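*Asks:* build the 3D model from these lines:
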Amino acid sequence: MSGFSIDVLDSFGYGDSLMHRIDPRAKVLATFGFVVAVVSFNKYELSGLMPFFLLPMATVALGFLPIRLVLNRVLAALPFIVLIGIFNPVFDRAPVMLWDGFQIRAGWISFASILLRGILCVSAAVTLIGTTSFPRFIAALQALKVPDALATQLMLIYRYLFLLIGQARATRRARSLRSASDKTPLGLASSMLVALLNRTLDLAQAVWMAMKARGFDTRLKVTRPMNWRPADSFYLALVAAGSVLFRFWPLGEWLGRMIVTK
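*Replies:* Alright, predicted model coming up:
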């Protein structure tokens, strides 16, 4: 899947499934609680994080999201996650005994823990947008009394991203039609980048002026009102209970001991 197909995820947010019908506010609160539980583990935790993969997996299944789409988004964020913990093995050299006399630096364990937590948080965010759509996500934030300035900035950044992608597609298409070579010289690439940013900034300004002319007052207008149902309360309670259970009950270690015993 190409780097310019980021808008594909948003298109899945307008689908119709069990997860799509859950109130966006419930999904936002559930995802927030999930992320808090994941990041609250100590830096050397590995087995305790494994059960948390059940939530994104269940969301993918119940929301009918293509697993390849979710994996592509997680892989796109992986270099940034690696960058956060890449120096842990260098600075944390304390030896840790694993099994049969095998030792490993504690930094490698903390690095693996950062990878797992990063993958879990990105997966939760991707599946949230994939079953909610970004406008409904912003509307849920506003309904939950998130400051309007923050919600508006997120919405405008998201919209500008699509303008940037559209202009990048047009620039790349024009470049391919005018040249028989697939290689782009560095000087030409920098000129194309500057032109791309200028064009998208001009277009974003025009879009903003059009929004203001139509009465935009920094709040997203909800065309489909949100309605909290008993199913939404059940979903939020289920995710919250699961997050608390996985956080304080070592399910991964318990399953590991059962497997070893058998």
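
*Asks:* next one: A125 from A174, what distance?
*Replies:* Applying CB to CB, to the nearest Å, the value for A125 to A174 is 34 Å. All C-beta atoms are positioned from the backbone trio N, CA, C, and that covers glycine.

*Asks:* of the two, who's got more company?
*Replies:* Neighbours per residue (other CB atoms under 10 Å) separate A125 from A174, with A125 holding more: 17 against 11.

*Asks:* can you point out the buried residues in the one helix or strand L245 maps to?
*Replies:* Under the criterion of DSSP states H and E, L245 resides in helix 230-248. Neighbour counts over helix 230-248 (16 or more other CB atoms under 10 Å) mark 232, 235-236, 239, 242-243, 246-247 as buried.

*Asks:* what's the local residue count around D92?
*Replies:* What D92 shows, counting by other CB under 10 Å, is a neighbour count of 18.

*Asks:* where do the helices sit along this protein?
*Replies:* Using DSSP state H, the helices of the chain run over 7-12, 24-39, 54-62, 67-85, 88-91, 106-130, 134-143, 148-178, 186-213, 230-248, 251-261.

*Asks:* quick check: L9 touching L71?
*Replies:* No - in terms of CB atoms under 8 Å, L9 does not count as a neighbour of L71; the distance is 12.0 Å.

*Asks:* which of those two has more neighbours?
*Replies:* L9 (20 against 14).

*Asks:* distance of the more buried one from L128?
*Replies:* From L9 across to L128, the span is 11 Å (CB to CB).

*Asks:* check V244 too.
*Replies:* In this structure, V244 and L128 are separated by 19 Å, where distance is defined by CB to CB.
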